[in-house]
Structure formats: C-alpha cells, structure tokens
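> Show me how the following folds:
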Amino acid sequence: MPTRWEYLEPKIESNKVSLQTIIRPVPDALNVIIDIVEYLKTTGGCQVLVIRADTGSGKTTFLNTIYHYIKEIQFLTQTIDLQTLEAEDFSSELQNLIIDKDKINLIILEGREKPQSISDQYIQIILANINRFGRRKRLPILFVVPTIEDQVARNWCEHGVKIGDLIPEQKLYGGSRWYNFPGISKDKYIEIAQETIRTLNPPYSISDYGINLDELKTWVENSHTIGKFIETIATRISDRRNQCKIRSQGKRDHVWIVYCCPDLQHYDHTYLIIKGLVQDNENLKASPTKLVSSEDALSKHWKQDQEWIKFVPALNFLDIRLINMPIITVVTAALVYGDDKLLESFRKTKFSAYKDVIMKKLPGECNSFDWNQPLAERRQKEENVRNSIAGTNLFYLLRGMSAKKRSGKTESPKILGQYLHLREKVHESTLHEFMAKALKVALEYHQFQGLIDIEFEKPLVQGTTAPKPDIKINTISDTYALEFHFTKQQYTTSEITRYALRDVIEKYMRDLEYLRSQLDNIKP
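Residues are numbered from 1 along each chain as shown. Below you'll find the model as predicted:
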C-alpha cells in the first residue's frame, strides 16, 4: 500500500489499473488550474504557481492526475527534481524538456521544500532561467512548485513577482500569492483507503488485513492529511502482520471444509452459494468479511476487535477453503466400499420407499421414473469412484488446479434416492471412511506428489486428542484436514457460514494448541 505518489504510479502502471478508482478530484484546486490555463492560452506565456500544503496532502498526486479530471484540456506533465540539482545545472534540465505546442506543458519542480534547503539566490537563478525559457518558447507553460513551508512559498512568490509575469502581483488565492492546497475532504479518507487496498491487492479488502471500520474512523480524526491516514493504515497493517505471523510446527496445515447435499435446483447450487463466501472462484479461499457479514450473534462475536484480529490471521494460517462435493461421489464410494449388509439393503429397498420425498424435491423429474426398481443391484467398480473423485473441486484443489463450475440437469431421482437411503443407513463416521478410501485410490492412481497416507477421524497432531479432522491427508510437506458436512436439504448461506465458524474454525482456533498460544499473544 504505497504512501507516496512516486511508489503508487509504477504499481498502478504494472497492474494496468485505472487511477480514477483510487484517486479523487479536488474541485477547488481544479478550478485554480483551469483559470491559470485559460490565462496561459490567452497570453501564450509562462507562469509559476506555488502550491503549499502539509506533507501527505496529495499535492504531487493531484498534479500528476489532473488530466483525468480536466478532460477538455490536454496536459503534458513532466517533473524536474531540484533535490540534487545545483542552480547552475537547471538551464540544461530545461533544455531536456519536451515542449508540445498543442498542449499545456505542466512542469513540476519537486524537492527543496524546506527553508534550509533552498536559498534566495537559488530561487532567483531558477526563476531567471524559467523566464528566459518561457520567453524563448512562447508557448503555454506552467511551472508548479509544491512546498510544505509558508516561508518557502513566500520566498518563491516575492522573487517571482519581480520577474516578468511569472507570478502576477495582482493574482491572489484566498489573500495569498501562493495557493494553499486543501487536499481531499476527510469524509473521503476511508473510501479512498478501501478502494486503494482493493484495487492494488485483489481480491482482498481492508478488513481482510484485520482493520475494522471503528479503527478507521478514529485514525481519520487523528490524521491531518490523506497521506498521514494511508501511512497510519500501512503501519498498523505491517505491525499486525508481524504480530500475526503464526509459525507452523513442522508441516503446513490446510483445513478444508467440504459441503455435500443434493443440488435440487441445478448441479451448481452449493457451488454458487460458496462463490459468495470466498475471495476467489479458483481457489475457494474463505473470505473473513463475507463469512461474518450477517448480523447474528455468531458473526457479531467475531466482528469484535479482540476477536477479529485473531480471526483473520487464523483463517490465513489454516488456509480455510469452502468446497462443494456432489452427492453422486459419496453414493459411488458407498457402493464400492460398503459392506455386504449395506449393499443388501440397497438391493432390497425400492425407490418407492422414497417416492414422496423425491417427488417433492424433484417435481419435474419423476414423470417416467420406475419406482419399483431396487436402489442398486450390484457393487460398483473401484474405477467408478476413482473417476468420480477426479471430477470434484476437492480433487482439483489438492492437485493445484482451479475449481470448476459444473453444469447440467438437476439431481436425478435415482441418485437422490440412493443418497437419502445412504444417509438413513450409515453413520457419518462410515461416510468418512468411504471417502478416505476413495481419495486414497484416486490420489495414488494420479501419483499425488509426496503422498504418505490418508486417515479418517485421527488427531491432526500426533500425541494429542484434538482437533480431529474427518479425513487427514498426510504428505511430505503438507497436512490436509478435511471437514465434511453432509445434509439431506439444500444449503443456505447461513448454514454454510454457521458450520464453518462454529464447527470448524472455532474448533481449530481452540484445540490446535500451537495456533491458540500464538493467537493469545496478539494484541489490538
């Protein structure tokens, strides 16, 4: 988050971002420039404008972005840095300028803003050279001298009025020959900061860095300029980032939450809800602000200052992902790895046992369905579950691929009936076992790099009793803790967030000892 124009400009150019998303106009200052430009167009002459404002008020940013807000005038903006330039070298710097006869040539004289850094003699030599240069070119040229000191502004103006028409004696800006730049109104500070972070650090918002609105309002009151406000935010983010560097003990942990339910409206129902709760659609990383966007008691708890500054780094450390899983994958795993008793129940049970429920959930899909057929007649082949797993977003993410949107028809009556039966006959623990076996065969077949083993319902850390993920994938460098949430109904946003916050995130923040101990040391 750059705190000065010189650092902001190259970052914007490299990201091809429009300046107008993060820069705001200063109407009074724009009117001053317009008035001067009209004077220069009329006279075809050269003028010097001295602008005074505190450090961080946005003088340089304003001058370099004028062209965004005065569309009817074409500017050619260039900068001469006086900081390391001796007075006798200024003439050669002027010769290096590109002067365009069809544009307003805006030359910014940066540096030497304090009285001790610029003498009267230096100012006199600079102005004399500008005067000769302007008379020779006979084109509209505006030299602007930004400064933070009244004394420096006064010295420029006193010498300027003595030399030609560089600083007209009769021209006053609020009673002063120099212009006191007002900067951006304070009521725009938060908006600008939020847009700057969002623009330069997509997809993150300012809240993703552990900063809340109440803090921002306090910092606005204590900041004299927008630059000071931005600097305060950058400092606080840096401090909190250092505070919140939670170090892993051994391998990198990833806690991924897998949601599985019938998608009754279309295949992507669960995925579309998840899209609204994540930072990006490719990696499905949970967004802290979106997870706690509601006004229920659980969200309000995590929004509290002391909780929020722990919540954000914990989510980042745990690499929380929200992932959808189709019910057909779970059904296929059960029909591959289920015991004889479970398979026999599938053979003996007919779809008519679930007819009322299926017809209610899928009213348009049951017209020609044979309700007298058994749920399943035979065990499926292992390659079926391997292929099914390989088409899930969980598998894509494990292999470093982007999550994909599925498309197609609604759930079939057959798969829905099998899933409903499975949920009645099998405990969730057994479903975890089925999914662990399915993941193992799929990852081994696709030669998942560094795979050691896959366990279900074992503690994440050896020698402890909690937290205990549903499935744990151990590799040489990483541990993937998978938390499954199975339901018979379609998910709502509140159910997805409630399970993530209460049943997973809160559990790991509490039970993962080395995480909890580091979070407890974070101070507001």
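> What about Thr232, how many residues nearby?
Around Thr232 there are 19 other residues, counting by other CB atoms under 10 Å. (Each C-beta comes from the backbone N, C-alpha and C, glycine too.)
> wait, it sits on Thr218?
No: Thr232 is beyond contact range of Thr218, at 9.7 Å (criterion: CB atoms under 8 Å).
> tell me the SS of Trp156?
What DSSP: H, G, I helix; E, B strand; the rest coil gives for Trp156 is helix.
> Could I get the pLDDT score of it?
On the pLDDT scale, Trp156 is placed at 93.
> what bridges to the nearest residue to it once chain neighbours are set aside?
Excluding the flanking residues, the one nearest Trp156 by CB to CB, 6 or more residues apart in numbering is Val50, at 4.7 Å. As for beta bridges, Val50 partners with Val145 under DSSP bridges.
> pretty sure Val50 contacts Ile167?
Yes: in this structure Val50 lies within contact range of Ile167 using CB under 8 Å: 7.2 Å.
> Name the residues contacting each of the two.
Listed as contacting both Val50 and Ile167 by CB atoms under 8 Å, 6 or more residues apart in numbering are 156-157, 160, 177.
> Most neighbours of all those residues, which one?
For the shared contacts of Val50 and Ile167, the largest number of neighbours (other CB under 10 Å) sits with Gly160, at 28 neighbours.
> wait, that one sits on Leu127?
Yes: between Gly160 and Leu127 there is a contact under CB under 8 Å: 5.8 Å.
> okay, and the common contacts of these two?
Shared contacts of Gly160 and Leu127, counting by CB under 8 Å, 6+ apart, come down to 48, 166.
> before we move on, back to that, which member of the shared contacts of Val50 and Ile167 is positioned nearest Val441?
Of all the shared contacts of Val50 and Ile167, Trp156 has the smallest distance to Val441: 78.2 Å, by CB to CB.
> what separates the closest one from Asp28, distance-wise?
21 Å (CB to CB, to the nearest Å).
> same deal with Thr492?
Going from Thr492 to Asp28 by CB to CB gives 50 Å.
> and these two? which has more neighbours close in?
Counted by other CB under 10 Å, Thr492 and Asp28 do not tie: Asp28 has more neighbours, with 13 against 10.
> Can you tell me the element that one falls in?
Element membership for Asp28 (DSSP states H and E) is helix 27-43.
> can you give me the strands for the stretch 1-150 of the chain?
46-52, 75-81, 104-110, 141-147 (DSSP state E, counting those that start in this stretch).
> Now distance to Glu382 and mean pLDDT too, for those strands, in CSV please.
Converted to CSV, the strands of the stretch 1-150 of the chain look like this (distance: least, CB to CB, whole Å; pLDDT from 0 to 100):
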stretch, distance to Glu382, mean pLDDT
strand 46-52, 75, 94
strand 75-81, 68, 94
strand 104-110, 70, 94
strand 141-147, 72, 95
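> Gly400 is nearest to which of those strands?
Short answer: strand 75-81, nearest of the strands of the stretch 1-150 of the chain by CB to CB, at 44.3 Å.
> Now do that closest one against strand 141-147: the angle between them, please.
50 degrees (axes from the mean of the first three to the mean of the last three CA atoms, to 10 degrees).
> Just give me the neighbour total for the nearest residue to Ala403 once chain neighbours are set aside.
Take Ala403 and drop its neighbours on the chain: the residue closest to it by CB to CB, 6+ apart is Asn393, 4.3 Å away. Asn393 has 25 neighbours, counted by other CB under 10 Å.
> next one: the one 10 residues further on
As a burial measure, the neighbour count of Ala403 was computed by other CB under 10 Å and equals 22.
> so it makes contact with Asn281?
Yes: assessed by CB under 8 Å, Ala403 is found in contact with Asn281 at 6.5 Å.
> pretty sure Ile98 contacts Leu106?
No: Ile98 is beyond contact range of Leu106, at 11.9 Å (criterion: CB under 8 Å).
> what's the overlap in contacts for those two?
Joint contacts of Ile98 and Leu106 (CB under 8 Å, 6+ apart) are 76, 78.
> if you count what's nearby, which of these two comes out ahead?
Leu106 (23 against 8).
> residues in contact with that one?
63, 66, 75-78, 142, 144.
> show me the contacts for the residue nearest to it when sequence neighbours are not counted.
Distances taken as CB to CB, 6+ apart place Thr77 nearest to Leu106, at 4.5 Å, with adjacent residues excluded. The contact partners of Thr77, taken as CB under 8 Å, 6+ apart, are 63-64, 66-67, 106-108.
> ok, those residues vs Arg399, which is closest?
Nearest to Arg399 among the contacts of Thr77, with distances taken as CB to CB, is Asn64, at 45.4 Å.
> quick one: pLDDT of that closest one?
For Asn64, the predicted pLDDT is 88.
> rewinding a little: can I get the contacts of Thr77 in JSON lines with distance to His421?
What follows is these, written out as JSON lines (distance: CB to CB, whole Å):
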{"residue": "Leu63", "distance to His421": "72"}
{"residue": "Asn64", "distance to His421": "68"}
{"residue": "Ile66", "distance to His421": "70"}
{"residue": "Tyr67", "distance to His421": "68"}
{"residue": "Leu106", "distance to His421": "76"}
{"residue": "Ile107", "distance to His421": "80"}
{"residue": "Ile108", "distance to His421": "75"}
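> Quickly check those residues for the two that are furthest apart.
So, these by CB to CB: farthest apart are Tyr67 and Ile107, at 14.5 Å.
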